[in-house]
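S.K.: Sequence and predicted model, in that order:
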Amino acid sequence: MLTARTERIAVRGPHDIVNVRQVVRGWCLAVGMGLVDLTKMVTAASEIARNTLEYGGGGALTIEELRDGVRQGVRLIFEDQGPGIPDIDRAMTDGYTSGTGMGLGLGGTKRLVDQFDIASTPGQGTRVAITKWKAR
Amino acid sequence: MPATPSRRLPRVLDERFDEILAAWTKEQTNGAKPGTASEGDIRARCSELLSAMRKALASSGADDVQGPAWAPVRDVLQRVSFIRAQQGFTPSETATFVLSLKRPLFEALRASAGNDAEALATDVWGATEVLDRLALFTAEVYMKTREELIARQSQDMLELSTPVVKLWEGVLALPMIGTLDSSRTQVVMESLLQRIVETGADVAILDITGVPTVDTLTAQHLIKTVTAARLMGAECIISGIRPQIAQTIVHLGVDLGDIVTKATLADAFKLALSRTGTTLVRSRNGANPTGSLTTTPR
Ligand SMILES: Nc1ncnc2c1ncn2[C@@H]1O[C@H](COP(=O)(O)OP(=O)(O)OP(=O)(O)O)[C@@H](O)[C@H]1O
Ligand SMILES: [Mg+2]
């Protein structure tokens, strides 16, 4: 698998979430993703960006355009140096929230994308990587 | 100072204009983002820039791209960067618009230099300097545009209060546009509840056709608004849920419960009218092919 190009953007404030959605939309358009997949990926980006900001205290997003043979896709890697997630299984459970949300962000995102990876170390931070391939 | 590349450069641009334009346009369309610009558009932009460059080079040389003679060139670049910034291009993709002129231009310079290697080296060096400066200018405009866009968006979110429109006796509509961040949704909710009290409305239609992304936060806000409206005695209908949004909501796992949804504002309006006891009668007047609606209040 090949990474054709990458971009890194900050997730520091509420405006950045708006920006994340727009930039991710642009990258999905660039690989020719259809409207449904694009909407799913932009929504997934919005969820994880908000978690990064709200719970992770801010961080960064790295966007990658992927090529795997003739397949094209977009990968988003969100990283923060926040408190981390003590129990990932519980955090992934639909309806669980430590705040005032619906507790659907992580579980929902996993269902919206083709690949979902989460790693977190309490006291050190959280990294969420999601990939969506362009449907052929 | 390099030896007078500024005299040969405009001449080559002049003599080989069509050839350079064709090669450059091709370079652009090869790497183009789908759905952003047509080949005709790209060609028009390239042609505009080349003509402006030719004039600027002829009248003032290559050293002063910030000067008045280069204003038309900067103008074209400004527009290109602005559009690309809005379309979500990256800064480097935006600068590529200028940088991709290098190859076609160098090739034209080489073809016209013949055997004179020294002249060619000087010309290529001169052209590189100009294009690099223009690329830098393009990237700067891009950054500025992005910043302005972001600032304006957040401004919009704060200032634009969604209008609450009285569609009919007892029926209110809220066409929501833009990003439903928490502060804006708060405003929307308050003005809706206010109008429900004022008008004694029975039905409120929340139209989200203009909302590009519905994530869990947006959904939560919508559900809260509907619940609060119910407490005030009004039923809500959510309209304008496009198919891709509907699919996304389902995958997110958001349960809209017993909230009534309709594809379009018109459908929601019809339902609202029947809820308020207004019947619609299709006119039999053949002169009006779409049929006019006659309403009979309860
Ligand atoms: N980057 C992070 N750092 C620390 N904790 C996190 C992070 N992301 C998620 N969590 C934890 O996982 C929980 C579940 O996250 P999830 O996104 O599924 O729901 P939510 O954000 O609480 O609500 P919703 O996303 O539906 O608005 C959060 O409440 C939070 O406790
Ligand atoms: Mg969340």
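M.R.: In hand now; what should we look at? Ligands and ions are numbered 1, 2, ... in the order given.

S.K.: pretty sure residue A:64 is in a helix, no?
M.R.: No - assessed with DSSP: H, G, I helix; E, B strand; the rest coil, residue A:64 is strand; it does not lie in a helix.

S.K.: who are the neighbours in contact with it?
M.R.: For residue A:64, the residues meeting the contact criterion (CB atoms under 8 Å, 6 or more residues apart in numbering or on different chains) are A:3, A:4, A:5, A:6, A:74, A:75, A:76, A:77. All C-beta spots, glycine's among them, are computed from the backbone N, C-alpha and C.

S.K.: which SS state does the closest residue to it other than its chain neighbours fall under?
M.R.: Spatial nearest neighbour of residue A:64, chain neighbours left out: residue A:75 (4.4 Å); criterion: CB to CB, 6 or more residues apart in numbering or on different chains. Here residue A:75 is recorded as strand under three-state DSSP.

S.K.: The chain: strands as residue ranges?
M.R.: This is for chain A. In chain A, the strands defined using DSSP state E lie at A:2-11, A:59-68, A:71-80, A:115-121, A:125-133.

S.K.: You answered for a different chain; I wanted chain B.
M.R.: B:165-168, B:171-177, B:203-210, B:235-239, B:260-262, B:279-282, B:293-296.

S.K.: quick one: which of the strands of chain A is nearest residue B:52?
M.R.: With respect to residue B:52, and counting by CB to CB, the nearest of those is strand A:2-11 at 29.5 Å.

S.K.: Return the set of buried residues in the closest one.
M.R.: A:7, A:9, A:11 (16 or more other CB atoms under 10 Å in any protein chain shown).

S.K.: Next: stretch B:112-120.
M.R.: Within stretch B:112-120, the residues that count as buried by 16+ other CB under 10 Å are B:112, B:113, B:119, B:120.

S.K.: how near is whatever residue of chain A ends up closest to ligand 2 to ligand 1?
M.R.: Relative to ligand 2, the nearest point of chain A is residue A:105 (2.6 Å; CB to the ion). Shown here: residue A:105 relative to ligand 1, a distance of 2 Å by CB to the nearest ligand atom, to the nearest Å.

S.K.: Could you list the residues of chain A in contact with chain B?
M.R.: A:5, A:7, A:14-15, A:18-19, A:21-23, A:25-27, A:29-30, A:32, A:35-36, A:38-40, A:42-43, A:46-47, A:50, A:94, A:101-102, A:104-105, A:107-108, A:111-112 (CB under 8 Å from any CB of the partner chain).

S.K.: mind running it again at 7 Å?
M.R.: Listed as neighbours of chain B in chain A under the rule CB under 7 Å from any CB of the partner chain: A:7, A:14-15, A:18-19, A:21-23, A:25-26, A:29-30, A:32, A:35-36, A:39-40, A:42-43, A:46-47, A:50, A:94, A:101-102, A:104-105, A:107-108, A:111-112.

S.K.: check contacts around residue B:268.
M.R.: B:205, B:237, B:239, B:262 (CB atoms under 7 Å, 6 or more residues apart in numbering or on different chains).

S.K.: The same query, at a cut-off of 10 Å, please.
M.R.: Contact analysis of residue B:268 by CB atoms under 10 Å, 6 or more residues apart in numbering or on different chains lists B:167, B:171, B:173, B:203-207, B:236-240, B:260-262.

S.K.: ditto for residue A:110
M.R.: By CB under 10 Å, 6+ apart, residue A:110 lies in contact with A:44, A:47, A:92, A:116, A:117, A:118, A:128, A:130, B:251.

S.K.: any idea which of these is closest to residue A:84?
M.R.: Nearest member of those to residue A:84, counting by CB to CB, is residue A:118, at 10.9 Å.

S.K.: Per-residue pLDDT of that closest one, please?
M.R.: Residue A:118 is assigned 98 on the pLDDT scale.

S.K.: what about the closest residue to the residue of chain A closest to ligand 2 other than its chain neighbours, how many neighbours?
M.R.: In this structure, residue A:105 finds its nearest non-sequential neighbour in residue A:47, 4.1 Å apart by CB to CB, 6+ apart. For residue A:47, the count of nearby residues is 27 (other CB atoms under 10 Å in any protein chain shown).

S.K.: Equivalent analysis for residue B:67, please.
M.R.: If you count neighbours by other CB under 10 Å, residue B:67 ends up with 13.

S.K.: For it, which non-adjacent residue is spatially closest?
M.R.: residue B:60 (6.1 Å).

S.K.: The one you found: neighbour count?
M.R.: 15.

S.K.: That one and residue B:53 touch, don't they?
M.R.: No - when contacts are counted by CB atoms under 10 Å, residue B:60 is not listed as touching residue B:53 (11.4 Å).

S.K.: sorry, back to before: using CSV, please lay out the strands of chain A together with distance to ligand 1.
M.R.: Shown next, in CSV, are the strands of chain A (distance: least, CB to the nearest ligand atom, whole Å):
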stretch, distance to ligand 1
strand A:2-11, 10
strand A:59-68, 8
strand A:71-80, 5
strand A:115-121, 7
strand A:125-133, 4
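
S.K.: can you pull the pLDDT of residue 83?
M.R.: Went with chain A since none was named. Residue A:83 carries a pLDDT value of 98.

S.K.: Actually, chain B is the one I wanted.
M.R.: In this model, residue B:83 is scored at 79, pLDDT.

S.K.: Number of residues surrounding it?
M.R.: Using other CB under 10 Å, residue B:83 has 16 other residues around it.

S.K.: hang on, it packs against residue B:76?
M.R.: No - the criterion here is CB under 10 Å, and residue B:83 misses it with residue B:76 at 11.1 Å.

S.K.: Identify the contacts common to these two.
M.R.: residue B:45.

S.K.: Determine the longest helix present in chain B.
M.R.: helix B:117-159 (DSSP state H).

S.K.: Could you do chain A as well?
M.R.: Assigned via DSSP H, chain A shows its longest helix as helix A:35-54.

S.K.: Neighbours of residue B:194, how many?
M.R.: For residue B:194, using other CB under 10 Å, the count is 12.

S.K.: For the closest residue to it other than its chain neighbours, list the residues it contacts.
M.R.: The shortest distance from residue B:194 to any non-neighbouring residue, by CB to CB, 6+ apart, is to residue B:164 (8.0 Å). Shown in contact with residue B:164 (CB under 10 Å, 6+ apart): B:172-175, B:188, B:191-196, B:198-199, B:201, B:204.

S.K.: Excluding sequence neighbours, find me the nearest residue to residue A:51.
M.R.: Distances taken as CB to CB, 6+ apart place residue A:105 nearest to residue A:51, at 5.7 Å, with adjacent residues excluded.

S.K.: separation between the closest residue to residue A:65 other than its chain neighbours and chain B?
M.R.: The shortest distance from residue A:65 to any non-neighbouring residue, by CB to CB, 6+ apart, is to residue A:4 (4.3 Å). Using CB to the nearest CB, to the nearest Å, residue A:4 is found at 11 Å from chain B.
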